[in-house]
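1. Have a look; sequence and predicted model below, questions after that.
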Amino acid sequence: MKYLRHIVSVFLLSAIVSGCALLPESGNAPVQLQLMPLLQESRRNVVEGIDTPVLVIERPQSTAALNGRAIWFQSGLNQLSPFRDHIWSESLPQQIEHLSIDYLSGRLSQVSVHMDRPGIDSDYRLRIHLHQWHLDQTSQRLLVVIHADLLRADGQRVVSWQWQHSEALMEVSAPGLAAAGQVWLQKWLDQVADGLQEYL
């Protein structure tokens, strides 16, 4: 009987501890996760004319780790590890580029927003640097550090912004990180749109 009680106690203790730790990764093939299109006001049509400023969103620059499809968590002091059973469907810079163009096209009035590609002449360019985007096990939050510059066509900087924020996770896991990233990206692009409206 004492042995049974001991086993139950160990099981309960391990369940409590695991509630504060990373959920185990044990699948065979990685599950692909992605950020979804963001909520926005009803899309308006930009009437492009001679006075319509053109804004190009460049592909975000990032660290080598974030430029791949791995999803990262902080496994120790100054140590990041990738989730084994989950990966992004495409890299974060690609996802942020596509979602930013779609969202800012709907939010900015009288501005024509485009992807950076040959043949597009722009009045302004938004250059984004993604420095951190990972799950911190200690705080159980998504940590993000991102920088953005608004540049004129000649490369002259108009304004710079720096964000260093965290977002709570409903679940300490790769899907929990993706869900928190969805919430954070919505807040961030709201701030970006508000900031751009002052200069465009």
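-> Done, it's in. Worth saying up front: this structure is predicted, and the values here are computed from it rather than measured.
2. show me where this protein has helices.
-> 2-18, 92-107, 174-197 (DSSP state H).
3. Which of those helices sits closest to Asp116?
-> Evaluated over the helices of the chain, closeness to Asp116 peaks at helix 92-107, with 8.2 Å, by C-beta to C-beta. In short, each C-beta sits where N, CA and C put it, glycine included.
4. elements contacting the closest one?
-> In terms of contacts (3 or more C-beta pairs under 8 Å, 6 or more residues apart in numbering; DSSP states H and E), helix 92-107 is packed against strand 54-57, strand 61-62, strand 112-115, strand 124-136, helix 174-197.
5. could the helices of the chain go into TSV alongside mean pLDDT, mean neighbour count and distance to Gln32?
-> Converted to TSV, those look like this (pLDDT from 0 to 100; neighbours: other C-beta atoms under 10 Å; distance: least, C-beta to C-beta, whole Å):
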stretch	mean pLDDT	mean neighbour count	distance to Gln32
helix 2-18	38	9	25
helix 92-107	95	20	12
helix 174-197	96	18	10
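6. got those as CSV, with distance to Leu35 columns?
-> As requested, these are arranged in CSV below (distance: least, C-beta to C-beta, whole Å):
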stretch, distance to Leu35
helix 2-18, 27
helix 92-107, 5
helix 174-197, 6
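7. got any ranges where this protein has weak pLDDT?
-> Under the criterion pLDDT under 70, the flagged ranges of the chain are 1-27, 41-50.
8. and the nearest residue to Leu126 once chain neighbours are set aside, what does it touch?
-> Among residues not flanking Leu126 along the chain, Ile57 sits closest, at 5.1 Å (C-beta to C-beta, 6 or more residues apart in numbering). Ile57 makes contact with 97, 100-101, 104, 113-116, 125-126, 128, according to C-beta atoms under 8 Å, 6 or more residues apart in numbering.
9. Rebuild these as JSON lines, extending it with distance to Leu142.
-> JSON lines is the format used below for these (distance: C-beta to C-beta, whole Å):
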{"residue": "Glu97", "distance to Leu142": "19"}
{"residue": "Ser100", "distance to Leu142": "18"}
{"residue": "Ile101", "distance to Leu142": "22"}
{"residue": "Leu104", "distance to Leu142": "22"}
{"residue": "Val113", "distance to Leu142": "26"}
{"residue": "His114", "distance to Leu142": "29"}
{"residue": "Met115", "distance to Leu142": "26"}
{"residue": "Asp116", "distance to Leu142": "27"}
{"residue": "Arg125", "distance to Leu142": "27"}
{"residue": "Leu126", "distance to Leu142": "22"}
{"residue": "Ile128", "distance to Leu142": "17"}
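10. Appreciated, that's everything.
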